[in-house]
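S.K.: need the 3D shape of this:
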Amino acid sequence: MRFRTWLVLLIGVASLAALGPLPVSAQDGAATFKTKCSACHGAEGQGKIGPALKGTSLSADDIANLLTKGDDAKKPPHKKALNGVSDGDAKAIAEFVKTLK
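M.R.: Model prediction:
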């Protein structure tokens, strides 16, 4: 069980390294994205259960607002603010999402 956990962690770190250097806030957001968002949006924002985020037309502010305030027009879990995501976390996640190409 420990080996599997380490392997998943190693793969996640390697995929982040492949993206190249990120701005500091985007680096912080990458870790939070992996824990809070990747299950639905994919580890690299390619989409999974939720839509792909690579190349999104939403601004970083729009993404941060969606995470902290929610939007009734969206499907759960984005109808409401996400639990455990602070304003700072939301901004960092948004900056990371905007680096996904």
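
S.K.: for the residue nearest the centre of the chain, what are its contacts?
M.R.: By Cα atoms, centre = their mean, the chain has its centre lying nearest to Phe33, at 2.9 Å. Taking Cβ atoms under 8 Å, 6 or more residues apart in numbering, we find Phe33 in contact with 41, 45, 93, 96-97. (Each C-beta comes from the backbone N, C-alpha and C, glycine too.)

S.K.: repeat that for 6 Å
M.R.: Shown here is Phe33, whose contacts under the criterion Cβ atoms under 6 Å, 6 or more residues apart in numbering are 93, 96.

S.K.: tell me how far it lies from Asp61.
M.R.: Applying Cβ to Cβ, to the nearest Å, the value for Phe33 to Asp61 is 17 Å.

S.K.: likewise Lys69?
M.R.: Distance of Lys69 to Asp61, given as Cβ to Cβ: 11 Å.

S.K.: which residues in the protein form helices?
M.R.: Counting by DSSP state H, one finds helices in the chain at the ranges 2-18, 24-36, 38-41, 60-69, 87-99.

S.K.: by mean pLDDT, show me the worst of those.
M.R.: Ranked on mean pLDDT, the bottom entry among these is helix 2-18, at a mean of 58.

S.K.: count of residues packed around the closest residue to Asp71 other than its chain neighbours?
M.R.: In this structure, Asp71 finds its nearest non-sequential neighbour in His78, 6.0 Å apart by Cβ to Cβ, 6 or more residues apart in numbering. Neighbour count of His78, defined by other Cβ atoms under 10 Å: 17.
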